[in-house]
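Peer 1: sequence first, then the predicted structure, then my questions.
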Amino acid sequence: MKIYVDADACPVKEQIYRVAARYGLPVLVVANSPMRVPIQDGVEAVHVPGGFEAVDDWIAGQVTAGDVVTTADILLAGRVVDRGAVCIDFRGKEFTADALGGLLATREVAQYLRGSGTYSGGPPPLSPRDRGHFAGKLDEVVNRLLRATRSRA
């Protein structure tokens, strides 16, 4: 099991590093520009030149069933969930195959409204409570995947 971080706009890297250290899991911090990561066993920065799509393509091409991806990108979430990975957003919401259709539709409507100038807002900044919720969800997902791995062995 690996944790992939869509890192360019990730506000919860510290929480990811802590959970990964607790379980001894590798973390791949993937970005389209060079990024500094802590000197911690298993934490690796991956620089993928190009735009955001290049990062998404790289993550979607590397991830396998049983991995965890953290992203706010709904399109990337759909791609990795299709490959059997678990995907959570930076507020701790797990993307599921059932929910992705509605989320994609909402994304399209918001994109249309932004394009017409009707809507200019975005999500509020992450609060300490949001960060705690994310860390708790990541811990829960890792535990669930580890239990599933043990039960198959």
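Peer 2: All right, it came through fine. Residues are numbered from 1 along each chain as shown.
Peer 1: touching the longest helix seen in the chain from outside, list them.
Peer 2: Counting by DSSP state H, the longest helix found in the chain is helix 128-152. Identification of contacts with helix 128-152 by CB atoms under 8 Å, 6 or more residues apart in numbering yields 1, 3, 11-12, 15-16, 18-19, 22-23, 25, 66, 68, 70, 86, 88, 90-94. All C-beta spots, glycine's among them, are computed from the backbone N, C-alpha and C.
Peer 1: 6 Å - rerun?
Peer 2: By CB atoms under 6 Å, 6 or more residues apart in numbering, the residues outside helix 128-152 that reach it are M1, V12, Q15, V19, Y23, G66, V68, V86, I88, R91, G92.
Peer 1: farthest-separated two in these?
Peer 2: G66 and R91 (23.0 Å; CB to CB).
Peer 1: higher neighbour count, those two?
Peer 2: Taking neighbours as other CB atoms under 10 Å, G66 and R91 compare with R91 leading, 18 against 15.
Peer 1: how much space is there between the more buried one and D8?
Peer 2: Distance from R91 to D8, counting by CB to CB, to the nearest Å: 17 Å.
Peer 1: same question for E94.
Peer 2: For E94, the distance to D8 - CB to CB - is 21 Å.
Peer 1: now do G84
Peer 2: G84 is 24 Å from D8, by CB to CB.
Peer 1: quick one, which of the two is more surrounded?
Peer 2: The residue with more neighbours, out of G84 and D8, is D8; 16 against 11, by other CB under 10 Å.
Peer 1: how about the nearest residue to that one, chain neighbours excluded?
Peer 2: Counting by CB to CB, 6 or more residues apart in numbering, D8 lies nearest to A31, which is 5.0 Å off, once chain neighbours are set aside.
Peer 1: the one you found against A7, yeah?
Peer 2: Yes. Between A31 and A7 a contact is recorded at 4.3 Å, counting by CB atoms under 6 Å.
Peer 1: report the beta-bridge partner residues of the residue nearest the centre of the chain.
Peer 2: Nearest to the geometric centre of the chain sits T70, at 1.1 Å (CA atoms, centre = their mean). Legend: beta-bridge partners of T70 under DSSP bridges are V5, I88.
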